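> Give me coordinates for this.
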Amino acid sequence: MSVPDRRAQLFRMEEARRQTQRQLDMIDRQIIRRMTAIIPQLKPQRTGHRRLKPADARTFLERYRSHLAAITQERQHEIDALSRKLARQDAAIAALRARLPPDLLRA
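Okay, the predicted model is just below:
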């Protein structure tokens, strides 16, 4: 394979890696969006008199973490698959970079 072909292949591989990373980022944003929508439901409902003891922050955090774990678990198979794909892409890019002369690599 000629050097220009390798550079073109490297460019395509790097673009595919960026796309995979964007997919992972999109899943992360979707999880964050769902958690943001759930937060008002996690706060304890104030009923009765105002002089009740203040809400326990630990209880809120426990509920938040359990909901986050459940939402993340729903998407875990996608996250795992994309993470494995990203690792394979990184390895392939590193191998291709090793075969290119250093002066021809992009910054």
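
> from here on, contacts and neighbour counts on C-alpha atoms
Fine.

> So which elements touch the longest helix that the chain contains?
Counting by DSSP state H, the longest helix found in the chain is helix 57-99. Applying 3 or more CA pairs under 8 Å, 6 or more residues apart in numbering; DSSP states H and E, we find helix 57-99 packed against helix 3-42.

> Only the buried residues of the helix it packs on, if you could.
7, 10, 13-14, 17, 20-21, 24, 27, 31, 35, 42 (16 or more other CA atoms under 10 Å).

> where are the low-confidence patches of this protein?
Where the chain drops to pLDDT under 70, the residues are 45-55, 104-107.

> hmm, 50 instead?
107 (pLDDT under 50).

> Now the two most distant members of the buried residues of helix 3-42.
Arg7 and Leu42 (51.6 Å; CA to CA).

> I'd guessed Gln21 sits against Lys85; true?
No - assessed by CA atoms under 8 Å, Gln21 is found out of contact with Lys85, at 9.7 Å.

> sec struct for Pro44, please.
coil (DSSP: H, G, I helix; E, B strand; the rest coil).

> buried stuff in stretch 73-84?
Neighbour-count burial for stretch 73-84 [16+ other CA under 10 Å]: 79, 82.

> Offset the numbering so it begins at 820, please.
Sure thing, new numbering starts at 820, so read that last one as stretch 892-903.

> what's it in contact with?
Residues outside stretch 892-903 that contact it (CA atoms under 8 Å, 6 or more residues apart in numbering): 839, 842-843, 846.

> Pull up the gap between Met832 and Val822, please.
Met832 sits 15 Å away from Val822, going by CA to CA, to the nearest Å.

> cool, and Asp922?
Applying CA to CA to Asp922 and Val822 gives a distance of 11 Å.
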